[in-house]
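[1] Sequence below, structure please.
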Amino acid sequence: MEEELTIRTARPQDAPELLEIYAPYVTGTTVTFEYDVPTVEEFAARIRNTLEKYPYFVAEQGGRIVGYAYAGAFRSRIAYIWSAEVSVYVRDGCHRQGIGRRLYAELERVLRLQNVASMQACISHPNRQSIKFHSSLDFERVARFSKCAWKLGRWVDVVWMQKILTESDEKPKDFIPYPKLK
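    Now for the predicted structure:
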C-alpha cells in the first residue's frame, strides 16, 4: 500500500532535505540557472524570507520530503503584488505520482486567499515535461525569450507561462501576507 502524501508549510530546518532534491537540478540541468548549490544556511534563509509574504510547501511521504513548491514576488514593484511567480521541485524518482500537482493545488488555493490574481512560471526551454505539466494545470504560454541564459555549455531559452486566478477587472482586494492568513 502506497503511503499517504501530506502537504505542509516548509520550515527552515527542512533545508538539508530540500537541498537533496534541489542539488541535482543545479548541477545537472538547466531547470534552474544557479551554477552552485546553495549552502544549507542560504537555503534556510530563502525559506524564511519566502514565508514572510508567500507560501512555501513541502510534500511528505513515508517520513521523507518528496517535493516542494513555493511562490514569490513576480517583480519587486508594489503594482505587481497581486502576481506571484511559482516553482515546484520533485525528488528524483518520484515524478509522475501527482506530487507536483498536489503542491501546486495547495499553492493556488492559498494564493487565492491572499488575493493574488495571477501565477507566473518561468521555465527553461526546451523542457517539454514542465510545459506539459503547467499546461495541464491551465497555465498558458505567454512569452518566449531566446538565448537569455548560458548554462552547461549552451544557450538556454526561457518560456513564461501564466495562470489567471481572477477574471475581475475591479480593483483587487488587499494582498494578504501568508503569515496573516487565518
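[2] Only C-alpha atoms from now on, for both contacts and neighbour counts.
    Will do.
[3] Let me know the secondary structure of residue 143.
    strand (DSSP: H, G, I helix; E, B strand; the rest coil).
[4] How many residues are close by residue 87?
    If you count neighbours by other Cα atoms under 10 Å, residue 87 ends up with 20.
[5] And for residue 179?
    For residue 179, using other Cα under 10 Å, the count is 11.
[6] Residue 86 should be in a helix, yeah?
    No. Counting by three-state DSSP, residue 86 falls outside a helix, being strand.
[7] Return the residues in contact with residue 147.
    Applying Cα atoms under 8 Å, 6 or more residues apart in numbering to residue 147 gives the contacts 155-158.
[8] Is there a quick ChimeraX command that grabs whichever of these are buried?
    Filtering these down to the buried ones (16 or more other Cα atoms under 10 Å) takes a single ChimeraX command:
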select :156,157,158
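[9] which helices and strands does the lowest-mean-pLDDT helix or strand in the chain pack with?
    Taking mean pLDDT, DSSP states H and E as the measure, helix 128-136 is the helix or strand of the chain with the lowest mean score, a mean of 93. Judged by 3 or more Cα pairs under 8 Å, 6 or more residues apart in numbering; DSSP states H and E, helix 128-136 has no packing partners among the helices and strands.
[10] quick one, phi/psi of residue 74?
    Phi and psi for residue 74, reported as degrees, to the nearest 10, are phi -70, psi -40.
[11] Hmm, it is touching residue 54, no?
    No. Contact criterion Cα atoms under 8 Å: residue 74 and residue 54 do not qualify, at 11.3 Å.
[12] Where does the nearest residue to residue 37 once chain neighbours are set aside sit, in terms of helix or strand?
    Spatial nearest neighbour of residue 37, chain neighbours left out: residue 23 (5.7 Å); criterion: Cα to Cα, 6 or more residues apart in numbering. Assessed by DSSP states H and E, residue 23 sits inside helix 15-28.
[13] Just the buried residues of that helix, please?
    Buried residues in helix 15-28, counted by 16+ other Cα under 10 Å: 15, 18-19, 21-23, 25-27.
[14] immediately after that helix, which helix or strand?
    Using DSSP H and E, the next helix or strand after helix 15-28 towards the C-terminus is helix 40-51.
[15] possible to save the contacts of residue 147 as CSV with distance to residue 44, pLDDT and secondary structure?
    What follows is the contacts of residue 147, written out as CSV (distance: Cα to Cα, whole Å; pLDDT from 0 to 100; DSSP: H, G, I helix; E, B strand; the rest coil):
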residue, distance to residue 44, pLDDT, secondary structure
155, 30, 96, strand
156, 28, 95, strand
157, 29, 96, strand
158, 27, 96, strand
